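Undergrad: Sharing a model that was predicted from the sequence below.
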Amino acid sequence: MPMELAVFRESGLLARSDCFRVALLIPLCGSAGIWAPSCISSAQVAVAELNRASGIDGRKVQLIMIDAAVEAAEPVEEIVNDLIDMGAIDAIVGMHISAIRQRLSKVVRQRIPYIYTPLYEGGESTPGLFAIGETPHEQLGPAISRLQTTYRPRKWALIGNDYVWPRSSHNYAKDLLKSLDVQVVMEQYLPFGFSRMRPVAEALEASGADAVLVSLVGQDAVDFNRVFGKMGLHRRIIRLSCAIEENGLMACGAGNLERLFAVSSYFGALSTDANAAFKERYHTMHGDFAPALNALGQSCYEGVNYLSSLLCNHGDRWRGASTRDALPVRYLSGRSRSCTSGQGRPTVYLARADGLQFCDFKPL
């Protein structure tokens, strides 16, 4: 028996049926482990709010954290499959990379609802699985177009981790840049935990690129940006990322972030009524020194609320539906007072790194 299942059995969780048990699948180690504290803290706010009411399906909600990192010691799909077979979890909220989602979709098989929360490459149509994050069409395309209008780079480089989201996003970017008569002079994919970023940055410098799309995950993005900053490449090259967030900024260091842009529908510093209300609830629960609010963590808050509303409003219809069906689900969010899937999308912003935070939010 895998260690995680042994822990569940020892704790008695497998025998309880009085709670609605949500498996929160997040990276707890490896390159993306930097996101975990914000994800857990944000999901806990949603659970507390639901439990002050009637929970989900009339039961109190309980989070079960499971490591969904690529580098995890046990294959997450085996753990999840066994937990479903044992009746130990009632639903999944997943904030992890797309490669893990693709593996999990083959084992969950509509047995429990699966809410996938972060930005992703689009095209998800697995029944019983609902991807609620932004796609390149919503996020990357408008950001590149805005940077082209403002800075007019003539040569782009594309650097990412070697899995489906960076590759799909870069294919989208290449098509867009070609239509704008802009050249792609470098495209490189790195394994997770790649430790030799200086040669990558040197190749970027030698390519003559004016702009670089950085689709690296977590600590890999941090390591790249540190080297980029130390080499002073910001003087000639602008950076765009869809996945860099507030934890990543702090880890990069303020001196390594000049002319770095990020695109997202949520930033912790956004000055909106919805975000002010969410931040108040978040810090009331976790205190002033809580993990930094960011898009990936906030997506876990949304994911738990989406799950609750999906089951409340549509019952068992989730089994035969998918992301493509766009079931109308109205759910609480930090991005707006409430979101309704299938009826428009939240505003996406292009932001600039300023020290260790984002600023200058431009709606796209």
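TA: Good, I have the coordinates. All of these numbers come straight from a predicted model, not from anything done at the bench.
Undergrad: So which residue is dead centre in the chain?
TA: Of all residues in the chain, the one closest to the mean position by C-alpha atoms, centre = their mean is Pro118, 3.1 Å from it.
Undergrad: How is that one assigned, secondary-structure-wise?
TA: State at Pro118, reduced to three classes by DSSP: H, G, I helix; E, B strand; the rest coil: coil.
Undergrad: What confidence value was assigned to it?
TA: pLDDT for Pro118: 97.
Undergrad: In terms of helices and strands, where is Val93?
TA: Using DSSP states H and E, Val93 sits in strand 91-94.
Undergrad: hang on, Leu25 is in a helix, isn't it?
TA: No. Assessed with three-state DSSP, Leu25 is strand; it does not lie in a helix.
Undergrad: need the contact list for it.
TA: Leu25 makes contacts with 66, 68, 76, 80, 92-96, 100, 104, as judged by C-beta atoms under 8 Å, 6 or more residues apart in numbering. Every C-beta, even on glycine, is put in place using the N, C-alpha and C of the backbone.
Undergrad: Bridge partners for it, pull those for me.
TA: Ile66, Gly94 (DSSP bridges).
Undergrad: Please tell me how far it sits from Gln188.
TA: Per C-beta to C-beta, to the nearest Å, Leu25 is found 29 Å from Gln188.
Undergrad: Would you mark the buried spots in the strand holding Val93?
TA: 91-94 (16 or more other C-beta atoms under 10 Å).
Undergrad: Please give the centre-to-centre distance between that strand and its chain.
TA: Relative to the chain's own centre, strand 91-94 is displaced by 14 Å; criterion: C-alpha atoms, centre = their mean, to the nearest Å.
Undergrad: Next SSE downstream of it?
TA: helix 98-108.
Undergrad: Just the mean pLDDT for that next one, thanks.
TA: 96.
Undergrad: Extract the C-alpha set from it and format it as CSV.
TA: The C-alpha trace of helix 98-108 is given here as CSV (Å, rounded to 0.1, in the frame of the first residue of the first chain):
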residue,chain,number,x,y,z
SER,A,98,-1.8,19.6,-17.5
ALA,A,99,0.4,16.5,-17.8
ILE,A,100,-1.0,15.3,-14.5
ARG,A,101,-4.5,16.2,-15.5
GLN,A,102,-4.2,14.0,-18.6
ARG,A,103,-3.0,11.1,-16.5
LEU,A,104,-5.7,11.5,-14.0
SER,A,105,-8.5,11.8,-16.5
LYS,A,106,-7.8,8.2,-17.6
VAL,A,107,-8.4,6.8,-14.0
VAL,A,108,-11.2,9.1,-12.6
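Undergrad: ok, back up a step: Serialize the buried residues of strand 91-94 to CSV and add fields for pLDDT and distance to Gly229.
TA: Shown next, in CSV, are those (pLDDT from 0 to 100; distance: C-beta to C-beta, whole Å):
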residue, pLDDT, distance to Gly229
Ala91, 98, 41
Ile92, 98, 38
Val93, 98, 35
Gly94, 98, 32
